[in-house]
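Engineer: Make a model of this:
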Amino acid sequence: MNVRFIVTEDIADDRKGFIETRDMFFLTTIDHRGYPTCSYKGSNPGFAKVLDSKTLAFPGFDGNGMFLSMGNIAANNKIGMLFIDFETPHRIRVHGTASIDQRDPLLAEFHGAQLVARVAITEIFVNCPPLHP
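Structural biologist: From the prediction side, this is the model:
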């Protein structure tokens, strides 16, 4: 299997459509101790926006007042994202570097958000389908 064909650096149109119709994703970040963490991020479908073929953006909401994910991004910008359609099933993974901005022009599009995270894509790929006996 050719890994270069499966893993790309660009968001193809079909992947863009999939990402922008999700109402949730899982976000992985690295905490201050170097441990990976995973957080649920959810809102209305389309809250994760594809800005161009190499950039995603999503809002930062104050879920529990701890800002763990956004704080982790501020300290270590390497992240992972997993977008899932549980009904089909279909999954897309994204790896990238994130930056956060409390004055991002997109902030006005995300009611209640405190900041916007922008993700520069380093790789994107379809997660393996489940194996059936």
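
Engineer: Please report phi then psi for the residue most central in space within the chain.
Structural biologist: Centroid-nearest residue in the chain: Met81, 3.9 Å away (criterion: Cα atoms, centre = their mean). The phi/psi pair for Met81 (degrees, to the nearest 10) reads phi -130, psi 140.

Engineer: Contact partners for it?
Structural biologist: Met81 sits next to 25-28, 48, 56, 93-96, 119 when contact means Cβ atoms under 8 Å, 6 or more residues apart in numbering. To be clear about C-beta, it is placed using only N, CA and C from the backbone, and glycine gets the same treatment.

Engineer: and if we set it to 10 Å?
Structural biologist: Going by Cβ atoms under 10 Å, 6 or more residues apart in numbering, Met81 touches 19, 22, 25-28, 41, 48, 56, 58, 92-96, 98, 119, 121, 124.

Engineer: what's the answer for Val126, then?
Structural biologist: 6-7, 14-15, 18, 90-93 are the contacts of Val126 under Cβ under 10 Å, 6+ apart.

Engineer: Assess the claim that Ser31 and Ala74 are in contact.
Structural biologist: Slight slip there: residue 31 is Asp, not Ser. No - using Cβ atoms under 10 Å, Asp31 makes no contact with Ala74, being 11.6 Å away.

Engineer: Find the residue ranges of the chain scoring beneath the pLDDT cut-off.
Structural biologist: When residues are selected by pLDDT under 70, those of the chain lie in 1-5, 64-66, 129-133.

Engineer: Tell me which helix or strand Gly34 sits in.
Structural biologist: Counting by DSSP states H and E, no helix or strand carries Gly34.

Engineer: Do a quick rundown of the helices in the chain.
Structural biologist: Along the chain, counting by DSSP state H, helices occupy 3-6, 13-20, 68-75.
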